[in-house]
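generate coordinates for the sequence data below:
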Amino acid sequence: MKKFSKVVVKVGTSVLTDKEGTINREKIEEIADQIKRVNAKGVEAVIVTSGAIASGMQLLKIAKKPKEIGKKQALAAVGQVMLMTLYAEAFKKHGLNIGQILITHEDIKDKKRCLNLMNTLNTLLSLRITPVVNENDALSFTEIQFGDNDNLSATIAQIINADLLLLLSDVDGFYEKNPKRYPGARLLKTVKKIDDKIWAIAEGTESERSIGGMLSKLEAAKKAGLYGIFTRIVNGNTKDVIVRVINGEEIGTLFLPERRLSRNKWWTAFAYRTKGKIWIDEGAEKAIREKGKSLLPSGILKVEGDFSRGDCVEILNEKGVLISKGIANYYSYEIQMIKGLKTVEIERKLGYKYTEEVIHRDNMVIL
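Numbering: from 1, shown residues only. Next up, the predicted model:
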């Protein structure tokens, strides 16, 4: 754990703001100071920051966050300028430069654009410039947004092949119970596997100020772990927390990687938006789970959604449990026509055949 070379540091709004919701300049300067010290140890760091909307609210003296998407996007557009100015000034005081990168989910879904993003991030790091990444909230809406910067940070960690994803929260780590409801709740030092029990603990957390927005943080840790990346959740208000973690101190909660997917498999699991669902029978589930087989039309029970060839879809078992994701070789209406049929019957039914597999095993990831 002491031998890091690349780390992604996600800074939440709750860490950057005080109780009144004002952006804390001193906190950003503390982060800049720690990044400089981390760099001196030979560790490259990328920052994923929140705070654009909060900055816009502060600048325009708006006390309550609006519900309308358009107003939120306008606040983000105004606030992003202020936020990056604060980062640039803070880092300059420590002799460092930053590079701003604003992205949406579309930039990750498109492999060419994602490759450009990877090259830009790595080039900035090679020039000793700290990339400061944020979702482009001024443009993002349901179809193109990540939803939260925890998930965005896990994606960035995968793109740059980071060794560690460090999530700065407003709590000390992951507890066995909500510490605000149960003062005696035990902090979990290490989570070996994110299973149903762990998910259940985090369910119902709606914001950073509940138990650190733990549901989204678990999602991030899961994504990072499936690419072989460690995740640690720490209290961002702890003095020198970034430096101390890099030095090997066991602060907060460490999530161990479960396995390492190939980049293509990880991409299928997390980079693509799913456009539909396919329910399969017990035999097909067993073939996929235990034998690593492709999905054939004979095992398909039901199809939901309007999707095209090349779209990503979810695969569910008879009980409705998500077991995998994959890239469809057929349109949804075609699958409706050939479901339950043997492969030799596909051409007879459709009048043509793309492939025998509805989803090939090479384009499928077991979840």
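
what sits against residue 101?
Contacts for residue 101 were tallied using Cβ atoms under 8 Å, 6 or more residues apart in numbering; they are 117, 120-121, 131-134. Any C-beta I mention is one placed from the backbone N, CA and C, and that applies to glycine too.

now the buried members of those.
Neighbour-count burial (16 or more other Cβ atoms under 10 Å) is assigned, among these, to 117, 121, 131-134.

kindly present the residues you listed as a markdown table, with separate columns for secondary structure, distance to residue 195 and pLDDT.
Formatted as a markdown table, the buried ones among the contacts of residue 101 follow (DSSP: H, G, I helix; E, B strand; the rest coil; distance: Cβ to Cβ, whole Å; pLDDT from 0 to 100):
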| residue | secondary structure | distance to residue 195 | pLDDT |
| --- | --- | --- | --- |
| 117 | helix | 32 | 90 |
| 121 | helix | 32 | 94 |
| 131 | strand | 33 | 97 |
| 132 | strand | 34 | 97 |
| 133 | strand | 30 | 95 |
| 134 | strand | 32 | 91 |
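
wait, is residue 302 part of a strand?
Yes: secondary structure of residue 302 (DSSP: H, G, I helix; E, B strand; the rest coil): part of a strand.

correct me if wrong: it contacts residue 276.
No: using Cβ atoms under 8 Å, residue 302 is not in contact with residue 276, being 10.8 Å away.

which of the two has more residues huddled nearby?
Per other Cβ atoms under 10 Å, whichever of residue 302 and residue 276 has more neighbours is residue 276, with 18 against 13.

so what's the residue count around the nearest residue to the more buried one once chain neighbours are set aside?
Leaving out its chain neighbours, the residue that sits closest to residue 276 by Cβ to Cβ, 6 or more residues apart in numbering is residue 305, at 2.7 Å. When neighbours are defined as other Cβ under 10 Å, residue 305 has 13 of them.

now residue 305. Its backbone dihedrals?
Here is the backbone geometry of residue 305 (degrees, to the nearest 10): phi 100, psi 160.

residue 65: what secondary structure?
Under three-state DSSP, the three-state class of residue 65 is coil.

thought it was touching residue 56?
No: at 9.7 Å, residue 65 does not count as touching residue 56 under the criterion of Cβ under 8 Å.

columns distance to residue 75 on top of the contacts of residue 101, output as a markdown table?
Output for the contacts of residue 101, formatted as a markdown table (distance: Cβ to Cβ, whole Å):
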| residue | distance to residue 75 |
| --- | --- |
| 117 | 25 |
| 120 | 26 |
| 121 | 27 |
| 131 | 23 |
| 132 | 19 |
| 133 | 19 |
| 134 | 13 |
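
ok, of the residues you listed, which one's closest to residue 89?
Closest approach to residue 89 among the contacts of residue 101 (Cβ to Cβ): residue 132, at 12.4 Å.

so for residue 65 and residue 56, which sits in the more crowded spot?
Between residue 65 and residue 56, counted using other Cβ under 10 Å, residue 56 has the larger neighbour count: 26 against 13.

hang on, that one in a helix?
Yes: looking at residue 56 with three-state DSSP, it is inside a helix.

list the contacts for it?
The contact partners of residue 56, taken as Cβ under 8 Å, 6+ apart, are 62, 74-80, 82.

ditto for residue 38
7, 45, 242-243, 246.

now for residue 65 and residue 56: what residues contact both?
With Cβ under 8 Å, 6+ apart, residue 65 and residue 56 have common neighbours residue 75.

where does the stretch 151-300 of the chain have low pLDDT?
203-212 (pLDDT under 70).

can you show me the strands along the stretch 151-300 of the chain?
Listed in chain order, the strands of the stretch 151-300 of the chain (DSSP state E, counting those that start in this stretch) span 164-169, 174-175, 187-188, 190-191, 230-235, 253-255, 274-280, 300-304.

for these, which one sits closest to residue 109?
Nearest of these to residue 109, taken as Cβ to Cβ: strand 274-280 at 11.5 Å.

helices along the stretch 151-300 of the chain, start to end?
Counting by DSSP state H, counting those that start in this stretch, the stretch 151-300 of the chain has helices at residues 196-202, 208-211, 214-225, 241-246, 263-266, 282-291.

looking at these, which one is packed in the most?
When you average the neighbours per residue for each of the helices of the stretch 151-300 of the chain (mean count of other Cβ atoms under 10 Å), helix 214-225 leads with a mean of 25.

tell me the contacts of the nearest residue to residue 149 once chain neighbours are set aside?
The shortest distance from residue 149 to any non-neighbouring residue, by Cβ to Cβ, 6+ apart, is to residue 50 (4.9 Å). If you count contacts by Cβ under 8 Å, 6+ apart, residue 50 has them with 11-13, 16, 134, 149.

likewise for residue 87?
By Cβ under 8 Å, 6+ apart, residue 87 lies in contact with 28, 32, 47, 49, 98, 132.

ok, back up a step: let's have the helices of the stretch 151-300 of the chain in JSON lines, adding distance to residue 256.
JSON lines is the format used below for the helices of the stretch 151-300 of the chain (distance: least, Cβ to Cβ, whole Å):
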{"stretch": "helix 196-202", "distance to residue 256": "12"}
{"stretch": "helix 208-211", "distance to residue 256": "20"}
{"stretch": "helix 214-225", "distance to residue 256": "7"}
{"stretch": "helix 241-246", "distance to residue 256": "15"}
{"stretch": "helix 263-266", "distance to residue 256": "17"}
{"stretch": "helix 282-291", "distance to residue 256": "23"}
